[in-house]
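*Asks:* Fold the stuff below for me.
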Amino acid sequence: MRRWRLWIGVVVTLLCLALALAGIDWPLVGATLRQAEWRFLLPALAMLLAFLLARAVRWRILLGPQVSLADAFAITNIGYLVSNVLPLRLGDPVRALAIGLTGKGKTSAALSTVVVERVLDLLAVVFLLAATVPFVTEAGWIREVGVTAGVVALAVFLLLLVFARRPDLARRILDAGLSRVPGINRERWLGAASGLLDGLAPLRSPRTVVGLVLWSAVRWACSGGCYFALLRAFIVRPTLVEASFLTSAIGLGMALPSAPGASGVFHSVARYALEMPFDVPGETAIAVAFTSHAFMYVTMCLLGLIGLAQQGLSWGTLRSGVAALPAND
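*Replies:* Below is the predicted model of the structure:
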């Protein structure tokens, strides 16, 4: 299964790179890069750090007070490092694994918090897209994908809320489903499900749910601010609509399988999210795409390495631990 996912990611990456680089005048790209106002990388860095901090705060709400904000921030950055270096988007499982390895909680419970985060992020991206699309003349396929993803994400989130309040119901449903699968170790899967359901406990509190929604809004507002600053390096008067649409388009595009760091997918989505609806020249759009990707990639990898040192974890321990996680089978 992993091998197939890996090869699908390679194919998607190559196709997206071909689309991203099609018809580009590279000397003009070079001129665009030379004329860029690089001082705007400083506010972009500030917004990126705020984005990561907001995500750590939101994750800590789900994990509970036994995990400090500093630890949540460090482990969040470790997850981005792994996703940028290893295939198959292993960053989220690694975050859950790191919680267990550092003795700050159960890996199975942390995995459920990752699921909640993913659903919250999808809902936030779709909401951002819905707020932006009315001001965009040509949203294309992104509008349809956004609406579909939003309906699915909202349904999953409501289901998680039900399971958080009624874990016994979730166990009965899972038990009934497993009983129909021949040759499966029901006790093992039910035990794993119990750990996952434990991680949903924070969703039983309306106050916690409100906090998660608010910090999700802060997280994505900071992401949009980062992209706005990066756009300003290449475009004299970028608009909030351009930054918001770029943020939501990339957020949805990250759901596609790809090489480590979302290479190819990021560049293709970023280029056409600027070029098609806003008539940004292809050379300017691809300069924004490559600069944004390189800037975030390097920053997050450096922060991830610092996080590894702070948590006393080794690269080999993380790789071997992820290989044993059932969620990645």
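
*Asks:* so what's F290 up against?
*Replies:* Neighbouring residues of F290 by CB atoms under 8 Å, 6 or more residues apart in numbering: H267. Every residue, glycine included, has its C-beta placed from N, CA and C.

*Asks:* Which of the helices or strands spans it?
*Replies:* Assigned by DSSP states H and E, F290 belongs to helix 282-311.

*Asks:* so after that helix, what's the next helix or strand?
*Replies:* By DSSP H and E, the next helix or strand past helix 282-311 is helix 315-323.

*Asks:* List the contacts of P65.
*Replies:* By CB under 8 Å, 6+ apart, the contact list for P65 is empty.

*Asks:* To which secondary structure element is M276 assigned?
*Replies:* helix 265-278.

*Asks:* thinking again about what came up before, pLDDT averaged over the helix holding F290 - what is it?
*Replies:* In this model, helix 282-311 has an average pLDDT of 97.

*Asks:* and D175, what does it touch?
*Replies:* Listed by CB under 8 Å, 6+ apart, the contact partners of D175 are R186, L190.

*Asks:* again, 10 Å this time
*Replies:* With contact taken as CB atoms under 10 Å, 6 or more residues apart in numbering, D175 is in contact with R186, W189, L190, A193.

*Asks:* List buried residues within those residues.
*Replies:* By neighbour count, with 16 or more other CB atoms under 10 Å, the contacts of D175 hold W189, A193 as buried.

*Asks:* Can you give me the neighbour number for the nearest residue to F40 once chain neighbours are set aside?
*Replies:* Spatial nearest neighbour of F40, chain neighbours left out: A233 (4.2 Å); criterion: CB to CB, 6 or more residues apart in numbering. The number of residues packed near A233 is 22, by other CB atoms under 10 Å.

*Asks:* Over to N77?
*Replies:* 27.

*Asks:* And it, how close does it get to F266?
*Replies:* According to CB to CB, to the nearest Å, N77 and F266 sit 19 Å apart.

*Asks:* same question, F51
*Replies:* Distance from F51 to F266, by CB to CB: 16 Å.

*Asks:* So those two - more neighbours on which side?
*Replies:* Neighbour comparison, F51 and F266: the larger count goes to F266, with 24 against 20 (by other CB under 10 Å).

*Asks:* so what's the closest residue to R319 other than its chain neighbours scoring on pLDDT?
*Replies:* Leaving aside its sequence neighbours, R319 sits nearest to L86 (CB to CB, 6+ apart; 7.5 Å). Looking at L86, its pLDDT is 84.

*Asks:* give the contact list for L86.
*Replies:* V94, P260, G261, W315, L318, R319, V322.

*Asks:* between those, which has the most around it?
*Replies:* Neighbour-wise, the contacts of L86 (other CB under 10 Å) top out at V94, 27 neighbours.

*Asks:* Which helix or strand contains that one?
*Replies:* Assigned by DSSP H and E, V94 falls within helix 91-101.

*Asks:* got the buried residues for that helix?
*Replies:* Going by neighbour count (16+ other CB under 10 Å), the buried part of helix 91-101 is G91, D92, P93, V94, R95, A96, L97, A98, I99, G100, L101.

*Asks:* Next, find the distance separating the fifth one from A74.
*Replies:* Using CB to CB, one gets 10 Å for the distance from R95 to A74.

*Asks:* ditto for the first one
*Replies:* Relative to A74, G91 is positioned 13 Å away (CB to CB).

*Asks:* Can you give me the neighbour number for R237?
*Replies:* Per other CB under 10 Å, the neighbour tally for R237 reads 7.

*Asks:* any idea whether it is helix, strand or coil?
*Replies:* coil (DSSP: H, G, I helix; E, B strand; the rest coil).

*Asks:* From what I see, S314 and L308 are in contact.
*Replies:* Yes - between S314 and L308 there is a contact under CB atoms under 10 Å: 7.4 Å.

*Asks:* which one of those two has more residues nearby?
*Replies:* Using other CB under 10 Å, the more surrounded residue of S314 and L308 is L308, with 21 against 11.

*Asks:* Can you name the residues that contact the residue lying closest to the more buried one once chain neighbours are set aside?
*Replies:* Take L308 and drop its neighbours on the chain: the residue closest to it by CB to CB, 6+ apart is I78, 5.8 Å away. For I78, the contact set (CB under 10 Å, 6+ apart) comprises 91, 94-95, 97-98, 300, 303-308, 310-311, 313, 315, 318.

*Asks:* Alright, I will stop here.
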